[in-house]
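Colleague: All I have is the shape, not the residue letters:
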């Protein structure tokens, strides 16, 4: 059977759209077995992502280079893929102290589609083009398409337009690399196999996408000096939890008391990095800030002067 535009065959042949032989009787299984079957399939995700680490590393290098040269990272997706991009982007400012503009997520159907599906919005590639135009994407930026199938028109349209601008382009799909034919700088293709429920790519595919997106931004921020040892040191003290976490980080790294951490953070203007350099290098706030500027924000280098 074929559709006039060939879409039926395209979808039918996707690895993520196949029936999973391990879950053929999931509809009549008891709850405990349903959960066990889903969990068994989920165990396949991390190994699939591990196979893609060389490509993820290449993507991180591209992102870091863009950040260092004033560029931004844009995620572009539809449905679950779009929402995951928005989640990852939205967590960067509170976690790493970045500007909200530095990492952005764009979703087919616009912001409302985050909360309510707008499935038809993904079918027009020009919607992806317009989304990049509205966001002011330029040659210095990196555009990362996210689509389990790799064929979502909204995403493909955005990626193809980004190429014409001179942007570096990435693509995250959960179908095999051998089936990927888009022109991008780096394709990341963790093959998770058929979903427990045929075609429900919010499951294993979504989990794989989440893992990869976490790696892309976290590894990139590490290369920008936003982590000391294994602690977030560029977080923003925007709520009570983050205020207390900031104090705990300063206490953990330096060994000073809760009260002392509160005082030094006050002198540092609430900036954890500055407070750490003040204590560890035994300098005032102005010199600590100068040292951080000279070290491109890396605390280890700033401490040694």
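Modeller: Noted; the coordinates are in hand. Every value quoted in this text rests on a predicted model; they were computed, and no experiment measured them. Residues are numbered from 1 along each chain as shown.
Colleague: only C-alpha atoms for contact and neighbour calcs from this point on.
Modeller: OK.
Colleague: Would you mind measuring from the residue nearest to residue 98 when sequence neighbours are not counted to residue 100?
Modeller: Nearest residue to residue 98, sequence neighbours excluded (CA to CA, 6 or more residues apart in numbering): residue 92, at 6.2 Å. For residue 92, the distance to residue 100 equals 8 Å [CA to CA, to the nearest Å].
Colleague: Tell me which of the two has more neighbours.
Modeller: residue 92 (20 against 13; other CA atoms under 10 Å).
Colleague: Remind me which helix or strand that one belongs to.
Modeller: helix 79-96 (DSSP states H and E).
Colleague: Likewise for residue 212?
Modeller: helix 204-223.
Colleague: List of residues touching that helix?
Modeller: The contact list for helix 204-223 (CA atoms under 8 Å, 6 or more residues apart in numbering) reads 16, 41-42, 45-46, 48-49, 56, 59-61, 63-64, 80-81, 84-85, 88, 92, 96, 146, 148, 172-174, 190, 192, 195, 227.
Colleague: Which of those residues fall within strands?
Modeller: If you go by DSSP state E, the contacts of helix 204-223 have 146, 172, 227 in strands.
Colleague: hang on, the second one packs against residue 145?
Modeller: Yes: Residue 172 sits in contact with residue 145 when judged by CA atoms under 8 Å, with a separation of 6.1 Å.
Colleague: Neighbour count for the two, which is higher?
Modeller: Between residue 172 and residue 145, residue 145 has the larger neighbour count (other CA under 10 Å), namely 30 against 25.
Colleague: And for residue 118, nearest residue in space, chain neighbours not counted?
Modeller: Per CA to CA, 6+ apart, closest to residue 118 is residue 109, 5.8 Å.
Colleague: Tell me how far the one you found lies from residue 55.
Modeller: Here residue 109 is placed at a distance of 29 Å from residue 55 (CA to CA).
Colleague: Which stretches in the stretch 201-305 of the chain count as strands?
Modeller: 227-228, 231-232 (DSSP state E, counting those that start in this stretch).
Colleague: Among these, single out whichever gets nearest to residue 36.
Modeller: Evaluated with CA to CA, the strands of the stretch 201-305 of the chain place strand 231-232 nearest to residue 36, the distance being 34.5 Å.
Colleague: For the stretch 151-300 of the chain, give me the ranges with low pLDDT.
Modeller: In the predicted model of the stretch 151-300 of the chain, no residue satisfies pLDDT under 70.
Colleague: again, 90 this time
Modeller: 232, 234-239, 241-242 (pLDDT under 90).
Colleague: Tell me where it has helices.
Modeller: Under the criterion DSSP state H, counting those that start in this stretch, the stretch 151-300 of the chain contains helices at 153-165, 204-223, 240-254, 258-267, 272-281, 285-294, 299-304.
Colleague: Comparing those, which comes out most buried?
Modeller: Most buried of the helices of the stretch 151-300 of the chain, by mean neighbour count (mean count of other CA atoms under 10 Å): helix 272-281, with a mean of 25.
Colleague: on contacts alone, who are the packing partners of that helix?
Modeller: If contacts are counted by 3 or more CA pairs under 8 Å, 6 or more residues apart in numbering; DSSP states H and E, helix 272-281 sits against helix 240-254, helix 258-267, helix 285-294, helix 299-304.
Colleague: Would you format those as a markdown table with distance to residue 118 included?
Modeller: Shown next, in a markdown table, are the helices and strands packed on helix 272-281 (distance: least, CA to CA, whole Å):
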| stretch | distance to residue 118 |
| --- | --- |
| helix 240-254 | 35 |
| helix 258-267 | 45 |
| helix 285-294 | 45 |
| helix 299-304 | 45 |
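Colleague: tell me the mean pLDDT for stretch 100-112?
Modeller: Averaged across stretch 100-112, pLDDT comes to 96.
Colleague: So for it, what gets flagged as buried?
Modeller: By 16 or more other CA atoms under 10 Å, the buried positions in stretch 100-112 come out as 102, 103, 104, 105, 106, 107, 108, 109.
Colleague: Now the two most distant members of the residues you listed.
Modeller: 102 and 109 (21.6 Å).
Colleague: Let me see the domain layout of the chain.
Modeller: 45-223, 227-304 (automatic domain parsing).
Colleague: can you redo those domains as TSV with distance to residue 20?
Modeller: TSV is the format used below for the domains of the chain (distance: least, CA to CA, whole Å):
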stretch	distance to residue 20
domain 45-223	5
domain 227-304	39
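Colleague: And the helices in the stretch 1-150 of the chain?
Modeller: Using DSSP H, counting those that start in this stretch, helices in the stretch 1-150 of the chain cover 7-12, 31-42, 45-50, 53-68, 79-96, 125-134.
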